[in-house]
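Engineer: what follows is a predicted protein model with its sequence.
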Amino acid sequence: MTNRLKPIVGVIVVNLVIWYGLVFLAGDWLVELGFGGDGSLDLLGQITMPVYVVILTLFYDTVIQVTGASAMTAAMVLAFAEIMATEVLLVMFAGAVLPYALITAGLNLVFWWASGLVYEKLSE
């Protein structure tokens, strides 16, 4: 686990930088896309994203270790699984607006691509 600590921390840091960069630069746009929620988690607002990123990164590391896949392969499989489970279903069954679904799918790809790239570089 200690040899994987550097890539795990790197992925956490990069994803938090991307997320908070988006919030700082395009917060209103993210709320319009539906990332603002209904306000029921305002109490946990400051810790929700870091906790989510840590849990997701540990899951990602587990997938890499269990499957033996490369970091980028695991990242892209998880990205497309997430897109199929959320954006595709929302467009097909809930009538979500296609451009918003494409934007969030693109954001998913950016997060997972960055995760795969950082994990691979820091694992060397």
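Structural biologist: Thanks, I have the structure now.

Engineer: residue 18 contacts residue 115, correct?
Structural biologist: No: Residue 18 sits out of contact with residue 115 when judged by CB atoms under 8 Å, with a separation of 9.5 Å. Placement of C-beta: from N, CA and C, glycine included.

Engineer: ranges for the helices of the protein?
Structural biologist: Per DSSP state H, the chain carries helices over the ranges 2-33, 45-67, 71-83, 89-93, 98-123.

Engineer: list the contacts of stretch 73-86.
Structural biologist: For stretch 73-86, the external contacting residues (CB atoms under 8 Å, 6 or more residues apart in numbering) are 60, 63-64, 67, 69, 104-105, 108-109, 111-113, 115-116, 119.

Engineer: now swap in stretch 51-63 and tell me
Structural biologist: 4, 7-8, 11-12, 15-16, 19, 69, 74-75, 77-78, 115, 119.

Engineer: which residue is nearest the centroid of this structure?
Structural biologist: With distances taken as CA atoms, centre = their mean, the residue of the chain nearest its centroid is residue 111 (4.8 Å).

Engineer: OK, contacts around it?
Structural biologist: Residues in contact with residue 111, defined by CB under 8 Å, 6+ apart, are 15, 18, 19, 79.

Engineer: now render these as CSV, adding distance to residue 98.
Structural biologist: As requested, the contacts of residue 111 are arranged in CSV below (distance: CB to CB, whole Å):
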residue, distance to residue 98
15, 26
18, 24
19, 24
79, 19
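
Engineer: which pair in those spans the largest distance?
Structural biologist: Of all pairs drawn from the contacts of residue 111, the one with the largest separation by CB to CB is 19 and 79; the distance is 15.3 Å.
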